[in-house]
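Participant: how does the following fold in three dimensions:
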Amino acid sequence: MYVLYSAQSMSNSFSEIGSEFWIESEPQTLHTERDGVYCLSGRTAIDLILQDILRNKAVHSVAMPAWCCDSMISPFLERGITVSFYDVCYENGQMRLLLDGVETTDVFYLTNFFGYENTLQVETVKQIRKKGSIILYDRTHSFLMDDMDYREYADYSFASIRKWMGVVCGAVTGGLHDLPALKGCPYIDGKEAAMHDKYLYLTGDSRIVKDDFLAAFRNFGHHLVSDYRNYEMDNLSYTLYKKEDIQAMRRRRRENAVYIYENLKGLQFMFELTEGSAPLFVPVLFETRKQRDEARQKLIEQQIYCPVHWPQPAVIPASFRVNDIIDRELSLICDQRYGIDDMRKIVLQLSK
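Facilitator: So this is what the prediction gives:
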């Protein structure tokens, strides 16, 4: 049986930093009564929202930020909805959404970035609402922030919970009026087992082969690409989510981020760490893509796995300014699994 890891006891225990979360042990009792709509993943949530909209209105187009993941795009395309992109650029410590010339669209997709306050302006949401588009607010990155101002002006919202903590799967949605019957996901057990195997591996169990649980993680991702509709969040994930101390998680992330901000020199932090920020990662910019890739490889060699957000979707025009961010950005780990000693390892490698 599997309990959610204790962030305090885990800190400084492992040789690896980053990548997939793990599960230590399972709770004795699983929660089965839900306090909202919880589904398999972010793309499941998007599709549920689209189903809700399409019951009452024909939808032909959506405008999305050019800085995004393929998984955000595919549910629209698979429903036959035309996707257009508005450019995103980084200027003077803030994200700018370049909305000039964006024609009226049926659905307008908005998101914050990385849990910082200066990446999406509420006034922007208000202006878009006046144009009559349905606003879909992706609050995955702002999940730990006070973002009620944004949700107030959005017609629908969702957040992918598994980006933040050690649940097998899960996303929460808001704004739905009609919900289809949700079913259990048939391929989730493999990931649950892989998450527990990762814990055993990191704590020194020599019986566990790393390549085996990595293959299981990939297998889950492979299935999720094409088979994601109308699946619910499993009871184990929901229980682990409800047991998580959200405020402690937020504090730990901020403490880790503060250490990086105060001790890492020579790199450009994308955003100011304000009082209201609740960081998913600490995004930094390098001078060139080559420098970024070299630094990332140096970290990997020390078993520190910092992601790039995001691999460039092939549909993004080469002329878009967002490509400069995609080429130079690296997301530094700051999550609650780790403590200051782990942050020191990251800073040390990037300071050499």
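
Participant: tell me the pLDDT at V209?
Facilitator: Per-residue confidence at V209 stands at 97 (pLDDT).

Participant: so how far is D197 from it?
Facilitator: V209 sits 9 Å away from D197, taking Cβ to Cβ, to the nearest Å as the criterion. Where C-beta positions appear, they are placed from N, C-alpha and C, glycine not excepted.

Participant: so between the two, which is more surrounded?
Facilitator: Legend: neighbour count by other Cβ atoms under 10 Å for V209 and D197, higher for D197 (22 against 11).

Participant: these two touch, right, the more buried one and I208?
Facilitator: Yes: using Cβ atoms under 8 Å, D197 is in contact with I208, at 5.1 Å.

Participant: can you give me the strands in the chain?
Facilitator: 17-18, 37-39, 61-65, 82-91, 94-98, 107-111, 134-138, 156-160, 171-174, 268-269, 282-285, 304-305, 329-332 (DSSP state E).

Participant: in CSV: those, plus mean neighbour count, distance to F220 and mean pLDDT.
Facilitator: Shown next, in CSV, are the strands of the chain (neighbours: other Cβ atoms under 10 Å; distance: least, Cβ to Cβ, whole Å; pLDDT from 0 to 100):
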stretch, mean neighbour count, distance to F220, mean pLDDT
strand 17-18, 20, 18, 96
strand 37-39, 23, 15, 97
strand 61-65, 21, 25, 97
strand 82-91, 18, 25, 95
strand 94-98, 18, 31, 92
strand 107-111, 23, 24, 96
strand 134-138, 23, 21, 96
strand 156-160, 24, 14, 97
strand 171-174, 21, 15, 97
strand 268-269, 15, 33, 96
strand 282-285, 23, 26, 98
strand 304-305, 18, 17, 98
strand 329-332, 22, 21, 98
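
Participant: can these go into TSV with extra columns for distance to R55?
Facilitator: What follows is the strands of the chain, written out as TSV (distance: least, Cβ to Cβ, whole Å):
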stretch	distance to R55
strand 17-18	41
strand 37-39	15
strand 61-65	17
strand 82-91	20
strand 94-98	29
strand 107-111	14
strand 134-138	13
strand 156-160	13
strand 171-174	15
strand 268-269	44
strand 282-285	38
strand 304-305	42
strand 329-332	37
